[in-house]
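Asker: sharing a model that was predicted from the sequence below.
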Amino acid sequence: MTSTSLGADRVFVVPADLGGPSGGSAYNAAMIAALRADDVAVVERRVPGAWPRPTEDDLDALADALASAREVVVDGIVACAAPDRIADAAAAGVRVVILVHLPLPAEFGLSEAEADTLARGERAALEAADLVLCTSAWARDDLRARYDIAAEVVRPGVDAADPATGSAPPRLLILGAVTPRKNALLALSALAPLRARDWEVVVAGPARDAHPYVAEVEAAVEALGADRARVVGPVTGRRRERVWREADLLLLPSLVEPYGMVVTEALARGIPALVASGTGAVEALAAGTDAGGSLPGLALPADEPDAWTDALARWLDDADLRAAWRAAASDARSRLRGWPHAATQLRDLLRW
């Protein structure tokens, strides 16, 4: 890459569109806003493309963004799919920092060949970077195991929120993209044997039209009955706040989850959660809990619906358990770090 005139000192490069709301996009937006609120001059550059599978035009747009500043933080889904552009920018004297949300080969449903291709590119990009950041210890440990690359962890913040009021009967919330990785079907399957109990479930999040998995989820919701199960699509703004306000328990059975910001969103409202064991969501569930303290929920295997059924049955049947989890979640609210704290940590690591 040839040297060009620099238009800004610091640039944050993010994907322009990932097909709907995502935790990574929410993290980027909140972090940029927190940096600016702290008087850090940072320019956001949104690069088009079907990342992590860019076209040549997408790669050229990235090269322009990389050449526009002396220091650039690049979202990992972009940077790790463009190792040559990252190497060129570094060689031209740009300080390149890569922010990894989910290591590319860790995405669920990839073929072995796809995962290998993504891994080769990701390794090369990370090795060319001046600094590698991750949004969770889970992601950091994955990168270390795959590539023997060290990374610093900058966990998400969370916005303060009023406690949820809940619903009667108890309302369960599945909030996230309707994809195989998020695994909503397991939670719905776990609820099927519990029809004799009083509960409701809401599935909220973006879905790709005509995707077979979306049809399976919709069929599972229909089988549970319109009186107790609904799919409401993407929720933002006031709709999202209403969904949170009426929830009593979050269900996040992801097969792969680097952190799960939705979990700390729940805790910020005093809502406990069931999450998948072995994922970064366990880290999020413990975010506001002292060492040795009671977790505001439970971690369960993402491939064992019977375990989820048993846990849900206990929660529905045992008022003391519901109260204990709710108390633990309420206690965690005061210990969750906000976005200003997260932005301060990022500034320190970037020396901004």
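Answerer: All right, it came through fine.

Asker: got any ranges where the stretch 51-200 of the chain has weak pLDDT?
Answerer: Of all residues in the stretch 51-200 of the chain, none has pLDDT under 70.

Asker: what ranges do the helices span in it?
Answerer: Assigned by DSSP state H, counting those that start in this stretch, the stretch 51-200 of the chain shows helices spanning 56-66, 76-79, 83-91, 112-128, 137-147, 184-191.

Asker: hey, which of those helices is tucked in deepest?
Answerer: Comparing the helices of the stretch 51-200 of the chain by mean neighbour count (mean count of other CB atoms under 10 Å), helix 76-79 ranks first with a mean of 28. Placement of C-beta: from N, CA and C, glycine included.

Asker: Arg242: neighbouring residues, count only.
Answerer: 12 (other CB atoms under 10 Å).

Asker: pretty sure Ala63 contacts Ile86?
Answerer: No. Counting by CB atoms under 8 Å, Ala63 stays clear of Ile86, with 9.8 Å between them.

Asker: hmm, back to that, dump the helices of the stretch 51-200 of the chain into a markdown table; add distance to Ser254 as well.
Answerer: Shown next, in a markdown table, are the helices of the stretch 51-200 of the chain (distance: least, CB to CB, whole Å):
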| stretch | distance to Ser254 |
| --- | --- |
| helix 56-66 | 28 |
| helix 76-79 | 17 |
| helix 83-91 | 27 |
| helix 112-128 | 18 |
| helix 137-147 | 11 |
| helix 184-191 | 9 |
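
Asker: how about the ones you listed, which one is nearest Leu250?
Answerer: In terms of CB to CB, the element of these nearest to Leu250 is helix 184-191, at 10.1 Å.

Asker: next secondary structure after that closest one?
Answerer: Per DSSP states H and E, helix 184-191 leads on to strand 200-204 as the next helix or strand towards the C-terminus.

Asker: wait, Pro105 sits on Leu118?
Answerer: Yes. The pair Pro105 / Leu118 is scored as a contact, 4.9 Å apart, by CB under 8 Å.

Asker: need the overlap of contacts for those two.
Answerer: Common contacts of Pro105 and Leu118 (CB atoms under 8 Å, 6 or more residues apart in numbering): none found.

Asker: how does the chain divide up, domain by domain?
Answerer: Taking automatic domain parsing as the domain assignment, the ranges for the chain are 8-157+339-350, 171-333.

Asker: those: which one's closest to Ala164?
Answerer: Of these, nearest to Ala164 by CB to CB is domain 171-333, at 4.3 Å.

Asker: and the end-to-end length of that closest one?
Answerer: End-to-end distance for domain 171-333: 20 Å, by CA to CA, to the nearest Å.

Asker: ok, now stretch 277-288?
Answerer: Start-to-end, stretch 277-288 (CA to CA) is 18 Å.

Asker: and the residue lying closest to Gly76 once chain neighbours are set aside, how many residues sit next to it?
Answerer: Distances taken as CB to CB, 6 or more residues apart in numbering put Val100 closest to Gly76, at 3.7 Å, once the chain neighbours are dropped. Using other CB under 10 Å, Val100 has 30 neighbouring residues.

Asker: let the chain start at 9 from now.
Answerer: Okay, using 9 as the starting number, the last item reads as Val108.

Asker: quick one: the strands in the stretch 209-358 of the chain?
Answerer: Using DSSP state E, counting those that start in this stretch, the strands of the stretch 209-358 of the chain run over 237-241, 257-260, 281-284, 305-308.

Asker: what strands line up against the third one, and which way round?
Answerer: Same thing as strand 281-284. In the sheet, strand 281-284 lines up against strand 257-260 (parallel), strand 305-308 (parallel) (DSSP bridges).

Asker: kindly reformat those as TSV containing mean pLDDT and distance to Glu230.
Answerer: As requested, the strands paired with strand 281-284 are exported to TSV (pLDDT from 0 to 100; distance: least, CB to CB, whole Å):
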stretch	mean pLDDT	distance to Glu230
strand 257-260	98	18
strand 305-308	98	25
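
Asker: out of those strands, which is the most enclosed?
Answerer: Here the criterion is mean neighbour count by mean count of other CB under 10 Å, and of these the winner is strand 257-260, at a mean of 27.

Asker: among the helices of the stretch 59-208 of the chain, which is nearest Asp217?
Answerer: Asp217 lies closest to helix 192-199 among these, at 16.3 Å (CB to CB).

Asker: tell me the helices and strands packed up against the closest one.
Answerer: Helices and strands touching helix 192-199, by 3 or more CB pairs under 8 Å, 6 or more residues apart in numbering; DSSP states H and E, are strand 179-183, strand 208-212, helix 220-232, helix 313-325.
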